[in-house]
Structures are given as C-alpha cells and as structure tokens.
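S.K.: Here is the input, now give the coordinates:
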Amino acid sequence: MRSPIRWGIWGTGAVARLVANDFQLARGAVLHAVASRTVERAREFASEFGAEKWYEGLSSLLKDTEVDVVYVATPNHRHLEDCLACIQAGKPVVCEKPFALNRAQAELIANAARKHKVFCMEAMWTRFTPAIMEAKRCIDAGEIGRVRFIQGNFAYPASMGRDSRLFNIDAGGGALLDRGVYLISLAQLLLGTPDSIRGTAALGTTGVDEQSSYQLAFAGGAIANLAASLLVRGTNEMVICGDRGMLRICDPFYCAHRLVLEPHSHEAMTQGNSTYSQGVLRRLVARLRREPALKSLRRRLGPLLYLLQRRRVRTYPLAGNGYQFELIEVNRCLHEGLTESPMMTLGHSLEVMRTMDTLRSQWGLVYPQELSELQLERH
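M.R.: Reported below is the predicted structural model:
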C-alpha cells in the first residue's frame with residue numbers, strides 16, 4: 001500500500017479554500033500544512049480544513065521536512081518567485097494557473113525544475129475532471145470526425161467588483177490570465193499550438209483587459225473563437241464542431257457535469273450511450289410510421305424524435321469542487337518518480353503562455369513586473 005502524499009498549501013485565499021476542501025475526496029492526499037502571510041490566518045485555515053501544521057511565510061513551510069509537495073495558491077504576480085523558492089528547496093510544486101505572467105517567467109520555472117529534477121506542474125485542474133477526459137477521448141476516437149471549429153466563453157461578473165485582484169494590474173489581473181487561460185489551454189489540448197493568434201480587448205481604467213476575445217487558427221484550417229469577461233455572464237460552455245458531429249461541454253465547461261454529443265452521420269446516431277433507450281426509440285418510430293391514425297402525432301413529434309435519436313447526453317456527477325482529480329494525478333506522478341505529468345506537461349504550459357503573450361502584445365498590455373524584468377535585462 002502506497003504511503004499518503006503530504007501536501008502544503010501556500011496562500012489562504014479563495015482558490016486555496018477550494019483546493020483544501022477537496023482533499024477529503026482524494027484518496028492518498030493529506031493536507032498536512034498551510035502557510036500564509038500571517039500566522040493567525042494560517043492557523044484559522046488549518047483549523048477549518050484539518051491541517052496538522054501552520055506557518056507564517058513560505059520559507060517556514062519549505063523547512064518542514066514532512067511536506068512532500070507544495071500547492072502555490074498565491075496571486076499571479078507571485079508565481080515566479082514562489083515556484084522558484086519551492087524548487088530551490090527541493091520541494092515538488094503545483095502552481096495555480098496561470099503558470100506565470102509571461103512565457104519568459106514560465107521558462108525560468110520550467111528550466112529550474114528540469115535542472116534540479118523536481119516535479120513541477122501548472123494547476124490546470126480542469127484537465128483532469130471526468131467530463132474533460134471523456135471529451136478528449138471522444139475527439140481522439142473520431143466520434144465527431146475531424147475538429148474544424150471551437151467556440152467558447154468564460155464570463156462572470158467579478159464577485160468583489162472592481163476592488164477584486166482581477167482588476168489589479170500589479171497583481172497580474174485581467175480576463176485573459178484569469179479566465180481566458182482555461183479556454184486557450186483546452187483549445188490547444190485538442191488542436192495543438194496555433195499558427196495564427198489574433199485578439200481584441202477592452203482595457204479598463206486600471207489597465208487590465210476587462211473583456212477580451214481570441215481567434216486562434218491551427219494547421220489544417222481549424223479555428224477557435226474564444227472570449228472571456230469579468231463584467232457579464234456568458235454561456236460558459238465550449239462547443240467543439242467536427243465534420244461528423246458536435247460535442248458540447250456544458251456550463252460550466254471548466255467544471256463540467258454534462259456532455260452532449262450530436263453526431264451527424266447515421267452510423268454514429270445508432271451507437272453509444274443515451275439517456276433514452278435506442279431500442280425503444282426505434283420501435284416507437286417504426287410504429288408511428290405504420291399507423292395511419294398516428295399521422296398527426298407523428299408530424300408533431302417528428303422534430304423531437306429526430307433530436308432524441310441523435311443526441312447522446314453523458315452526465316458526470318461531481319463531488320466537491322473538482323480539484324481532487326488533479327491531486328490524485330500529482331500523487332500518482334510523485335509515487336512513480338515523475339518530474340512532469342504526461343497529462344499536463346511543462347511544454348504545454350509554455351505554449352499557452354506564448355499564446356497569451358502574443359495576445360497581450362497586440363493590446364499593449366504590460367504588467368509592471370515585466371517592465372522591471374526588461375530593465376534588468378538591459379543592465
């Protein structure tokens with residue numbers, strides 16, 4: 001029997017709370033310690049979520065020899081420094097998305113992890129949920145044919161209004177880094193690295209993109225139209241269109257409970273699971289066709305029967321917040337001595353950062369930390 005993996009969390013904000021809540025659902029993962037900027041907050045957090053130890057500051061957490069891996073749950077602008085500190089201390093690290101502010105920072109983290117042979121992964125937790133895993137399997141198996149078009153959005157009004165870190169340029173805020181990253185990461189998981197990247201953004205008074213959209217073009221002609229907003233509510237779903245069908249990852253796509261597969265071909269229509277029995281439907285349709293007295297009913301029910309024969313709905317009840325699957329994957333990697341997850345490689349994170357860098361360069365969106373980095377390079 002494998003020994004449990006003991007986790008430490010650095011940061012006690014909203015994301016840290018979501019992650020901490022799901023340890024109870026991840027067999028073999030133990031929330032051992034938590035650290036915050038103040039010992040009082042760390043103690044309160046540890047008491048609420050059952051962590052054995054609590055610390056003031058990351059350095060104290062890293063000195064705990066019983067911590068097997070650290071979850072960095074700090075704001076975006078802190079990811080570079082915090083990840084490097086973990087790696088230099090020899091601690092495996094899982095970093096909340098986005099991996100860093102830009103690709104240059106992400107490369108520093110990835111290179112350090114590879115040099116010191118320390119496990120490192122961006123916490124793109126959506127990647128590991130059952131619905132997304134099944135969506136990837138369906139597409140790889142050709143159930144909707146060749147993917148030609150993806151459309152999706154991630155849009156909710158920021159819960160704390162303009163006082164939120166999401167609107168704070170010093171903290172690496174903005175719709176792209178907080179929400180667009182999910183859309184881009186998923187699109188590139190399915191289609192690879194884009195050949196063409198174009199985007200538009202509405203920059204607010206604080207300098208961050210309050211809303212932004214992205215058009216990615218891929219080899220072979222596939223296109224993804226994506227958008228993120230901090231101001232309004234959208235459909236918050238992803239629709240993936242192939243030449244043989246369509247797959248809808250239902251709201252909220254990043255923590256999906258339901259997939260809807262709508263094949264176009266007759267062969268695909270008669271295969272797979274459905275919320276309705278295919279045999280019952282076939283018998284019902286056959287009877288409607290045979291009975292003249294049911295002609296009127298057949299005409300009225302025709303569109304519904306057509307849809308029921310085509311649509312296959314797959315549901316994935318999800319306990320907790322959905323982070324447990326990510327925790328389980330990291331545990332597996334650590335037990336097997338891996339320094340990267342094959343399901344969420346450092347290379348993928350770097351390519352997503354490249355896409356977001358290209359978009360921000362088109363908008364003229366530069367974070368203060370990036371200006372400091374440029375000044376250091378010049379000297």
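
S.K.: In the stretch 1-150 of the chain, where is pLDDT below threshold?
M.R.: Low-confidence segments of the stretch 1-150 of the chain (pLDDT under 70): 1.

S.K.: Which stretches in it count as strands?
M.R.: For the stretch 1-150 of the chain, the strands defined by DSSP state E, counting those that start in this stretch cover 5-10, 29-36, 53-56, 69-72, 93-96, 120-123, 147-155.

S.K.: could you say what helices and strands the fourth one packs with?
M.R.: Same thing as strand 69-72. Using 3 or more C-beta pairs under 8 Å, 6 or more residues apart in numbering; DSSP states H and E as the contact test, the elements touching strand 69-72 are strand 5-10, helix 79-88, strand 93-96. In short, each C-beta sits where N, CA and C put it, glycine included.

S.K.: for those, which one sits closest to residue 263?
M.R.: For the helices and strands packed on strand 69-72, distance to residue 263 was read as C-beta to C-beta. The smallest value, 37.1 Å, belongs to strand 93-96.

S.K.: distance between the closest one and the chain's centre?
M.R.: Here the centre of strand 93-96 is set off from its chain's centre by 13 Å, with C-alpha atoms, centre = their mean, to the nearest Å.

S.K.: Pairing partners for that strand, with directions?
M.R.: Here strand 93-96 is paired, per DSSP bridges, with strand 69-72 (parallel), strand 120-123 (parallel).

S.K.: Tabulate these in CSV, adding columns for distance to residue 105.
M.R.: Listed next are these as CSV, based on distance: least, C-beta to C-beta, whole Å:
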stretch, distance to residue 105
strand 69-72, 13
strand 120-123, 12
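
S.K.: Same list (the ones you listed) but as JSON lines, adding mean neighbour count.
M.R.: Listed next are these as JSON lines, based on neighbours: other C-beta atoms under 10 Å:
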{"stretch": "strand 69-72", "mean neighbour count": "25"}
{"stretch": "strand 120-123", "mean neighbour count": "26"}
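
S.K.: Any idea which of these gets closest to residue 347?
M.R.: The stretch from those with the least distance to residue 347 (C-beta to C-beta) is strand 120-123; that distance is 10.9 Å.

S.K.: who touches the closest one?
M.R.: The set of residues external to strand 120-123 that reach it, using C-beta atoms under 8 Å, 6 or more residues apart in numbering, is 71, 83, 87, 92-99, 109-110, 113, 326, 330, 333, 339-341, 344, 346, 349.

S.K.: picking that back up, now tabulate the helices and strands packed on strand 69-72 in TSV and tack on mean neighbour count and distance to residue 140.
M.R.: Supplementary listing: the helices and strands packed on strand 69-72 in TSV, determined by neighbours: other C-beta atoms under 10 Å; distance: least, C-beta to C-beta, whole Å:
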stretch	mean neighbour count	distance to residue 140
strand 5-10	25	29
helix 79-88	21	31
strand 93-96	26	25
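
S.K.: Just put the ones you listed in TSV and tack on distance to residue 195.
M.R.: TSV is the format used below for the helices and strands packed on strand 69-72 (distance: least, C-beta to C-beta, whole Å):
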stretch	distance to residue 195
strand 5-10	37
helix 79-88	28
strand 93-96	28
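
S.K.: and residue 45, which of these is closest to it?
M.R.: Closest to residue 45 of the helices and strands packed on strand 69-72, according to C-beta to C-beta: strand 5-10, at 7.9 Å.

S.K.: Each with direction, which strands does that closest one pair with?
M.R.: Neighbouring strands of strand 5-10 in its sheet, by DSSP bridges, are strand 29-36 (parallel), strand 69-72 (parallel).

S.K.: Put together a markdown table for those, with distance to residue 172 on each row.
M.R.: Shown next, in a markdown table, are the strands paired with strand 5-10 (distance: least, C-beta to C-beta, whole Å):
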| stretch | distance to residue 172 |
| --- | --- |
| strand 29-36 | 19 |
| strand 69-72 | 13 |
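
S.K.: what about those, which gets the closest to residue 173?
M.R.: With C-beta to C-beta as the criterion, residue 173 lies closest to strand 69-72 of these, at 17.4 Å.

S.K.: Return the distance of that closest one from the chain's centre.
M.R.: Its chain's C-alpha centre lies 17 Å from the corresponding centre of strand 69-72 when counted by C-alpha atoms, centre = their mean.

S.K.: got the contact list for it?
M.R.: Residues external to strand 69-72 that are found in contact with it (C-beta under 8 Å, 6+ apart): 5-11, 16, 19, 61-62, 78-79, 82-83, 86, 91-96, 119, 123, 330, 334.

S.K.: ok so, going back, residue 369 is nearest to which of the strands paired with strand 93-96?
M.R.: For residue 369, the closest of the strands paired with strand 93-96 is strand 69-72, at 16.1 Å, according to C-beta to C-beta.

S.K.: Which helix in this protein has the most residues?
M.R.: Looking across the chain with DSSP state H, the single longest helix is helix 346-363.

S.K.: Which residues belonging to that one are considered buried?
M.R.: Within helix 346-363, the residues that qualify as buried by neighbour count (16 or more other C-beta atoms under 10 Å) are 346, 348-360, 363.

S.K.: try stretch 146-153
M.R.: By neighbour count, with 16+ other C-beta under 10 Å as the criterion, the buried positions of stretch 146-153 are 147-148, 150-153.

S.K.: gap between residue 156 and residue 333?
M.R.: Distance check for residue 156 against residue 333: by C-beta to C-beta, to the nearest Å, it reads 31 Å.

S.K.: Much appreciated, bye for now.
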